[in-house]
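Peer 1: pasting the sequence and the predicted coordinates here, then a few questions.
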Amino acid sequence: MLRIHFSEIDLARTRVARVPDPLWEVAASLHRFQTRAGRWAYAEWYRTAGARIREHHLERTLRDLLLPLYPRAVYFPDFLTPSPALDDGLNAALDASLDTIMSTPPRRVRDELTVLDHRVGAPAWARRLTDRQERAELVTAIRAYYEAAVAPFTEAMHSRIEAARSQCCRDLLDGGVDRMLAGLGPGLIWRPPILEVRYPVDDRDLYLDGRGLRLVPSYFCWSSPISLADPHLPPVLVYPLLHEPTGLSIRPATPLAALLGRTRATVLCVVAAGAGATTGEIARAVGISAPSASKHAGVLRDAGLLASSRHAAHVLHTLTPTGASLLVGSQPMGARTGH
């Protein structure tokens, strides 16, 4: 159990990341290769990432370089997941984070690799990462892996994180920071002024001491949240986005299809099933063109059933309360009660 202690100043300085953190997603995705837990939720990613890793001849890099540095265990080095200086987009965040890895003092690299070796075992070559040239090769490998295995899921990451941010905003408006922290999901329990986090290490306490907390919803993080091991680094908590089914099928009920038309009813169900969806995701799920998906989403938005917001190159569509009520009302009584 990790207990994060907040003061009033910390509550005021707590924030939710605006874009996915590329290096945390790299770390979490590498952990997906090391367990079968949650495979159902990432089935498409396993197929796509595996094929692209083979296509780019990264099998050896993955096996011999990256996986040993990012073990799915109680520890991996903090310097591998620096917080980006800006939330200006994934490319800028990736460049800034990789530059930070390059500028990490050799002594810190050595100390953290020593911790890795003591806790889970480090490969013999790891000590050479104190050398700048060796670290440059590691950075090149991380970037290549990111482009092959993580970047193709940028749209999915953005849409899910925007949905999570939207939920945080609604909770904040409805019930303040208390409601927002209480609604972060399984594995996190808010007992003011302490956030209790299900954590795969021995009990420890993190005192924010006025620094606030950077909350990072993560697409590839599964089950247990992750934080930095060093309590003196800027506090960050990476927590998993929910991948559980919502209970709503993407096949609309007959009355809803009769009311809206089958295509628009399916669009509404797709948005609900994914807790939000981009225009491209709707097009793929429904089997229509992107312009057609945009047109149908626009009609549903004008009817007050969807809300749309632009984020960089993507438009995210989410259900309005009216849209959610319409969907729930169209479900058979047994589906609504869970029987």
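Peer 2: Looks like it came in fine.
Peer 1: how about the contacts made by the residue nearest to Ile161 when sequence neighbours are not counted?
Peer 2: Nearest non-adjacent residue to Ile161, counting by CB to CB, 6 or more residues apart in numbering: Pro217, 5.1 Å away. From N, CA and C alone the C-beta is placed, and that goes for glycine too. Applying CB atoms under 8 Å, 6 or more residues apart in numbering to Pro217 gives the contacts 16-17, 160-161, 164-165, 238-241.
Peer 1: before we move on, what about Arg3?
Peer 2: With CB under 8 Å, 6+ apart, Arg3 has these contacts: 194-197, 203-206.
Peer 1: now the two most distant members of these.
Peer 2: Comparing every pair within the contacts of Arg3 by CB to CB identifies Leu195 and Asp203 as the most remote, at 14.1 Å.
Peer 1: the two: who's more crowded?
Peer 2: Between Leu195 and Asp203, counted using other CB atoms under 10 Å, the more crowded position is Leu195 (24 against 8).
Peer 1: sticking with the more buried one, tell me its helix or strand.
Peer 2: For Leu195, the element it lies in under DSSP states H and E is strand 194-197.
Peer 1: what comes up buried for that strand?
Peer 2: 195, 197 (16 or more other CB atoms under 10 Å).
Peer 1: helix or strand right after that strand?
Peer 2: Downstream of strand 194-197 (by DSSP H and E), the next one is strand 204-207.
Peer 1: and that next one, which strands flank it?
Peer 2: strand 2-5 (parallel) (DSSP bridges).
Peer 1: next, the residues that contact the very next helix or strand once past the partner strand from outside, please.
Peer 2: Per DSSP H and E, strand 2-5 leads on to helix 8-13 as the next helix or strand towards the C-terminus. The contact list for helix 8-13 (CB under 8 Å, 6+ apart) reads 177, 193, 208-213.
Peer 1: sorry, back to before: which one of the contacts of Arg3 sits closest to Gly183?
Peer 2: Within the contacts of Arg3, the smallest distance to Gly183 is 11.9 Å, found for Leu195 (CB to CB).
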